[in-house]
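Asker: Sequence first, then the predicted structure:
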Amino acid sequence: MATLSERLREEGLKQGLEQGMQRGMQQGMQQGRLEGEATLLKRQISRRFGALDDATEKRLEMATIEELERWAENVLDARELEDVFTQH
């Protein structure tokens, strides 16, 4: 028969594992969304303005999800590449 402290420790470990798994899944989903947004925006920009230079590739790779979303909207009205990255 397990003692009270053993059962509490076991329950604590179980909760810790569940929380860790949940956090890992959320982080994985956020990372996947970020990569998907960046990939789509790269395709849109390439189609509209031609091949991306290294600086633009890097800028997209380092962007936050909020920046990528804003730029994805900007690409619809942009007349030149730099217009994508300006605040509207």
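Answerer: That came in fine, so what should we check first?
Asker: Scan the protein for its longest helix.
Answerer: helix 4-49 (DSSP state H).
Asker: going on from that one, what's the next piece of helix or strand?
Answerer: Where DSSP states H and E defines the elements, the next helix or strand beyond helix 4-49 is helix 54-62.
Asker: Tell me which other helices or strands the longest helix of the chain touches.
Answerer: In this structure, helix 4-49 makes packing contacts with helix 54-62, helix 65-74, helix 81-85, judged by 3 or more Cβ pairs under 8 Å, 6 or more residues apart in numbering; DSSP states H and E. No exception for glycine: its C-beta is placed from N, CA and C like everyone else's.
Asker: Nearest to Q31, out of these?
Answerer: Closest approach to Q31 among those is made by helix 65-74 (10.1 Å; Cβ to Cβ).
Asker: That closest one packs against which elements?
Answerer: Judged by 3+ Cβ pairs under 8 Å, 6+ apart, helix 65-74 is in contact with helix 4-49, helix 81-85.
Asker: With respect to A72, which of the ones you listed lies nearest?
Answerer: Using Cβ to Cβ, the helices and strands packed on helix 65-74 put helix 4-49 closest to A72, at 5.2 Å.
Asker: Perfect, that will be all.
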